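*Asks:* Need coordinates for the following:
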Amino acid sequence: MLKSLVKEGMVEQIESLKMLMEKENTERRAKRDKVLFKDVVHPKITCDKCGMNPIVGIWYKSATKDNFDLCIDCEA
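*Replies:* Below is the predicted model of the structure:
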């Protein structure tokens, strides 16, 4: 019984570490992408939150709303 409790505790710790690593990787990718795409211009696309026109940098297009676009600063 003690062995199974130790294993369960280790599984929880491993899962927590995996989640932390995924979060760090996502944040690292976001920073990299912001730098890589900082000069990309999306003509005729306006951010529906701040009004940036054209959107420069990463452009987020809604998958659920028609004609809803955000710049990287407003999506964050």
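*Asks:* Could you measure from residue 44 over to residue 72?
*Replies:* 18 Å (Cβ to Cβ, to the nearest Å). C-beta: built from backbone N, CA, C; applies to glycine.
*Asks:* who has more neighbours, these two?
*Replies:* Comparing residue 44 with residue 72 by other Cβ atoms under 10 Å, the one with more neighbours is residue 72, at 19 against 7.
*Asks:* Show the contacting residues for the nearest residue to the more buried one once chain neighbours are set aside.
*Replies:* Leaving aside its sequence neighbours, residue 72 sits nearest to residue 58 (Cβ to Cβ, 6 or more residues apart in numbering; 4.2 Å). With contact set as Cβ atoms under 8 Å, 6 or more residues apart in numbering, residue 58 has these partners: 33, 34, 37, 40, 71, 72, 75.
*Asks:* 7 Å instead, please
*Replies:* Going by Cβ atoms under 7 Å, 6 or more residues apart in numbering, residue 58 touches 33, 34, 37, 72.
*Asks:* wait, doesn't the third one sit right on residue 57?
*Replies:* Yep, that's residue 37 we're talking about. Yes: Residue 37 lies in contact with residue 57 (Cβ atoms under 7 Å); the separation is 5.5 Å.
*Asks:* Neighbour count: the two, which is higher?
*Replies:* Using other Cβ under 10 Å, the more surrounded residue of residue 37 and residue 57 is residue 57, with 18 against 13.
*Asks:* Residue 27: neighbour count?
*Replies:* Residues near residue 27, counting by other Cβ under 10 Å: 10.
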